[in-house]
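got a predicted structure here, sequence first:
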Amino acid sequence: MLEVSGLTKRYGDILAVDDVGFRLEKGEVAAFLGPNGAGKTTTLRIVTGYLPPTAGAVVIGGVDLRREPTKAKRMVGYLPEIPPLYPEMRVEGYLRFVGKLKGLRKQELEKAIEEAIDRCRLKDVRRRFVYALSKGYRQRLGLAQAILGNPGLLILDEPTAGLDPAQIVDMRSFILELKGSHTILLSTHILSEAAQICNRVLIIHKGKLVGDGTLEQFATGRSLEETYMGLVAYS
Ligand SMILES: Nc1ncnc2c1ncn2[C@@H]1O[C@H](COP(=O)(O)OP(=O)(O)O)[C@@H](O)[C@H]1O
Ligand SMILES: [Mg+2]
């Protein structure tokens with residue numbers, strides 16, 4: 001479903017992503033783990049087509065992102081670190097706006113909106129203005145715009161960051177419900193979250209992929225914590 005090879009990104013002198021490569025099979029749920037500044041957001045922005053790489057290739061569902069960006073992007077739903085919400089729109093109106101941007105046509109669009117509202121439990125606030133939503137509901141709306149139109153690949157950048165404990169439990173349960181119908185790549189620096197939600201673990205440190213395996217491979221013998229610390233600490 002997703003194939004990344006030789007991915008490199010420089011910001012001037014900073015090498016933010018350094019020759020990263022991995023493949024996600026259909027239905028896999030992968031945690032993208034790494035400390036702050038490791039290069040997670042940069043990688044995810046490249047994979048979603050928001051940022052051009054300095055070098056390397058991204059192939060989504062067999063489609064090369066550089067050669068056929070519109071076709072490739074249609075298969076991706078993206079929840080950025082800060083969801084691009086418009087405060088002056090109503091929940092429904094915002095989803096309609098995003099759906100149109102995604103190229104959904106009338107009937108298909110209304111069906112997709114209902115499905116996203118239902119899956120992200122936004123029914124009670126569908127007529128509310130975005131500015132009047134709590135942080136938890138905003139994040140649900142961010143997830144709803146990502147899943148709108150049912151893209152095969154979901155890219156979620158720290159989906160639980162900044163939420164309170166109850167909202168974190170909510171968000172994790174939504175993601176668990178999406179398992180099975182989507183391939184998911186989600187960044188986090190919370191190891192227990194990765195272990196709870198994902199079956200695959202990718203570890204990035206200083207722009208380099210330093211670990212890639214199934215949760216079982218990482219957790220057998222040593223805990224995920226120990227493995228992670230061994231890979232990223234003080235090196
Ligand atoms: N727009 C930018 N301009 C310059 N440097 C950037 C920019 N975005 C990120 N960086 C740098 O690239 C590195 C990786 O950042 P980022 O991808 O945001 O990491 P993470 O999401 O893992 O915290 C960091 O050193 C960060 O300071
Ligand atoms: Mg980040």
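Perfect, I can see it now. Ligands and ions are numbered 1, 2, ... in the order given.

report the mean confidence score over whichever helix or strand Ser5 is part of.
According to DSSP states H and E, Ser5 maps onto strand 2-11. Averaging pLDDT along strand 2-11 yields 98.

what do you get for stretch 14-33?
pLDDT averaged over stretch 14-33 gives 96.

list the buried residues in that stretch.
Of the residues in stretch 14-33, 15-18, 20, 22, 24, 28-33 count as buried by neighbour count, 16 or more other Cβ atoms under 10 Å. C-beta coordinates here come from the backbone N, C-alpha and C atoms, glycine included.

just list whatever residues bridge to Ile60.
Using DSSP bridges, the bridge partners assigned to Ile60 are Leu2, Val63.

so how far is ligand 1 from it?
Taking Cβ to the nearest ligand atom, to the nearest Å as the measure, Ile60 falls 20 Å from ligand 1.

swap in Gly93?
31 Å.

helices or strands up against the helix or strand hosting that residue?
Assigned by DSSP H and E, Gly93 belongs to helix 91-101. In terms of contacts (3 or more Cβ pairs under 8 Å, 6 or more residues apart in numbering; DSSP states H and E), helix 91-101 is packed against helix 106-119, helix 135-147.

name the stretch among those that sits most buried.
helix 135-147 (a mean of 22; mean count of other Cβ atoms under 10 Å).

tilt between that one and helix 91-101?
Counting by axes from the mean of the first three to the mean of the last three Cα atoms, to 10 degrees, helix 135-147 lies at 30 degrees to helix 91-101.

so after helix 135-147, what's the next helix or strand?
Per DSSP H and E, the first helix or strand lying C-terminal to helix 135-147 is strand 153-157.

now do that following strand and helix 135-147, the angle between them.
When the same axes, to 10 degrees is applied, the directions of strand 153-157 and helix 135-147 differ by 150 degrees.

and of the helices and strands packed on helix 91-101, who's closest to ligand 1?
When the helices and strands packed on helix 91-101 are compared by Cβ to the nearest ligand atom, helix 135-147 sits nearest ligand 1, at 16.6 Å.

check contacts around the closest residue to Val76 other than its chain neighbours.
The shortest distance from Val76 to any non-neighbouring residue, by Cβ to Cβ, 6 or more residues apart in numbering, is to Leu153 (4.9 Å). Residues near Leu153 by Cβ atoms under 8 Å, 6 or more residues apart in numbering: Met1, Leu2, Leu24, Ile60, Gly61, Met75, Val76, Gly77, His182, Thr183, Ile184, Leu185.

just Thr42 next, same as before
Lys9, Ala16, Val17, Leu51.

could you do Lys208 as well?
Asp18, Asp19, Val20.

do you know the pLDDT at it?
With respect to pLDDT, Lys208 scores 96.

same question, the one 10 residues further on
According to the prediction, Phe218 has pLDDT 76.

which strand or helix spans it?
helix 215-219.

remind me what that helix packs against, helices and strands.
Helices and strands touching helix 215-219, by 3+ Cβ pairs under 8 Å, 6+ apart, are helix 191-197, strand 200-205, helix 224-232.

circling back to that earlier point, using PDB, write out every CA atom in the helix holding Gly93.
The C-alpha trace of helix 91-101 is given here as PDB (Å, rounded to 0.1, in the frame of the first residue of the first chain):
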ATOM      1  CA  VAL A  91     -18.700  21.000  11.300                       C
ATOM      2  CA  GLU A  92     -20.900  19.800   8.500                       C
ATOM      3  CA  GLY A  93     -19.900  22.700   6.200                       C
ATOM      4  CA  TYR A  94     -16.300  22.100   6.900                       C
ATOM      5  CA  LEU A  95     -16.500  18.400   5.900                       C
ATOM      6  CA  ARG A  96     -18.400  19.400   2.800                       C
ATOM      7  CA  PHE A  97     -15.700  21.800   1.900                       C
ATOM      8  CA  VAL A  98     -13.000  19.200   2.400                       C
ATOM      9  CA  GLY A  99     -14.900  16.600   0.500                       C
ATOM     10  CA  LYS A 100     -15.200  19.000  -2.500                       C
ATOM     11  CA  LEU A 101     -11.500  19.600  -2.400                       C
END
